[in-house]
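S.K.: Please work out how this folds:
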Amino acid sequence: MSRHGWSIWILAASMLPVGTLRAAEQKSEIIVEVKYVLLAHDVAEQLKQMRLLGGSKRGKDIVYLSDREMRLFMEVLQNDVRSNVLQAPKLTMLDGQSGEIEALDEQTITRGAMVVQTEHGIVLTSHQETVPVGTKLHLRSNISADRRSVRVELNTQITNLDESQPDSFTIQISDKNANGKAGTILEMKRPRIVKMSAENTMDIVDGKTAVLPAGMKLCQVSETVCPEWVKEIPLLRNLFCTTETHPEVHHLFVTVTPRIVAPKEKEEKRTQKESAKKLSTRPDCCDYRTPIYPPVSQCEKIDCGGEPARSRVLRAMGPPVTVPGLLETSRDDIRIVAERTVSKLDLPRFYPLVGLAQFHHSRWKCTVSYTETVRGSYPIAFRWTRPMIHVVYLNADHLHSVPSDTEPKK
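M.R.: Reported below is the predicted structural model:
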């Protein structure tokens, strides 16, 4: 390259903004979460009425759900024992990069047989075929120019062997004999190969979930039938109840949730803002320290010992009761009303390491009202919601500095 060519390239690069050069050097990352959901027909109809599910045609009627709607979607599944959810590992990829996940197992099945006449007699030769059974997933994601949505190209396929309704075929080993009787006929059965797939290109808003249908499957469902008067008696239930098996149509849906990972610079800025916010709301180590404020005369312009911080009130309540794997408790719609019950200012006196100051006795009564939600999964899935009121008393005592010309208390 000539000297003029190098100079033109350097001049063009210098005219680009710094952010463009940084974006060219560092691509954004995307985390894509994929789940496979198998639903019974009645559960799918219930979700359609709640507008949380589309149709059952492959590649059509895609529904986009927010985090709150996705939480309701999963709660409906937890209340039904026939529903199954398979979550694939999360894929972290760069903008424009492709990723694949394969969980396949090769199984050998008999597709046919052939009768061969030899010197030693009739030999039956089977024709076997190796079938890959499992899940195969291919993804490609691209971030939009405004960084608000992600274009996801999805291609997935699930292959299973259905042994509940096998295909049968017959093989005639010998013709009619001399007496006119029918020859030997051998009947063989082979499992049916069921393939369900989904292939589509979707523009999904960052953080939202796309739900698209992938096909239908006929499953054998076992149901326990009991008389009404026996259902509540545990011992007699085993004697009078019977188990019936019947076919039922199940629908397969695929959920895709892309999330854009913020660049390192934005992460650093966000962590700085969060740390500043934590300092302003007093971390745990400062809850029992006595702060020092300016003189009382200057507190009209400066906030000196106002209402307790929201984080301090919540910490004083303690964490909700949670048993991993069995019980989970959450608090929503939290409202705090603070009322000062004690406010007394002592005379100036000398405090070690502080100097001349006034001690201000301050006590607050904080009434916290919230909605408590208890979720459990054992022995059965349940959800319990109730309104709660919790009263917390906090001491917010502090010191006010006093000018040096003031006489201390004797």
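
S.K.: For the strand or helix carrying residue 392, enumerate the helices and strands it packs against.
M.R.: Using DSSP states H and E, the element containing residue 392 is strand 382-395. If contacts are counted by 3 or more CB pairs under 8 Å, 6 or more residues apart in numbering; DSSP states H and E, strand 382-395 sits against helix 310-317, strand 355-376. (Each C-beta comes from the backbone N, C-alpha and C, glycine too.)

S.K.: Quick check: neighbours of that strand in the sheet, parallel or antiparallel?
M.R.: For strand 382-395, the paired strands and their directions (DSSP bridges) are strand 355-376 (antiparallel).

S.K.: mind listing what's buried in the partner strand?
M.R.: With burial defined by 16 or more other CB atoms under 10 Å, the residues of strand 355-376 counted as buried are 356-360, 362, 364, 366, 368, 370, 372, 374-376.

S.K.: now, which of these sits nearest residue 136?
M.R.: Proximity of those to residue 136 was ranked by CB to CB; the top entry is residue 375 with 33.9 Å.

S.K.: would you say residue 53 is within a helix?
M.R.: No - with DSSP: H, G, I helix; E, B strand; the rest coil as the criterion, residue 53 is located in coil rather than a helix.

S.K.: What about it, how many residues nearby?
M.R.: By the other CB atoms under 10 Å criterion, the neighbourhood of residue 53 contains 24 residues.

S.K.: One more: residue 210?
M.R.: Using other CB under 10 Å, residue 210 is surrounded by 20 other residues.

S.K.: ditto for residue 93
M.R.: Using other CB under 10 Å as the criterion, residue 93 is surrounded by 17 other residues.

S.K.: Who does it form a beta bridge with?
M.R.: Applying DSSP bridges to residue 93, the residues it is bridged with are residue 30.

S.K.: Show me where the stretch 51-200 of the chain dips below the pLDDT cut-off.
M.R.: For the stretch 51-200 of the chain, the stretches flagged by pLDDT under 70 are 55-60, 111-113, 115-124, 163-188.

S.K.: swap in the stretch 301-410 of the chain?
M.R.: The low-confidence ranges in the stretch 301-410 of the chain, as defined by pLDDT under 70, are 301-303, 406-410.

S.K.: can you give me the helices for the stretch 1-150 of the chain?
M.R.: Along the stretch 1-150 of the chain, counting by DSSP state H, counting those that start in this stretch, helices occupy 3-15, 18-25, 41-49, 67-78.

S.K.: ok, now which ones touch residue 62?
M.R.: Residue 62 sits next to 54, 200, 202, 210, 211, 212 when contact means CB atoms under 8 Å, 6 or more residues apart in numbering.

S.K.: residues in contact with the last one?
M.R.: Applying CB under 8 Å, 6+ apart, we find residue 212 in contact with 54, 59, 61, 62, 63, 154, 198, 200, 202, 253, 254, 256.

S.K.: With adjacent residues omitted, what lies nearest to it?
M.R.: Closest residue to residue 212 apart from its sequence neighbours, by CB to CB, 6 or more residues apart in numbering: residue 62 at 4.6 Å.

S.K.: likewise residue 331?
M.R.: The shortest distance from residue 331 to any residue that is not its chain neighbour, by CB to CB, 6+ apart, is 4.6 Å, and that residue is residue 370.

S.K.: Looks like that neighbour contacts residue 336 (just checking).
M.R.: No - in this structure, residue 370 is not within contact of residue 336 by CB atoms under 8 Å, at 9.1 Å.
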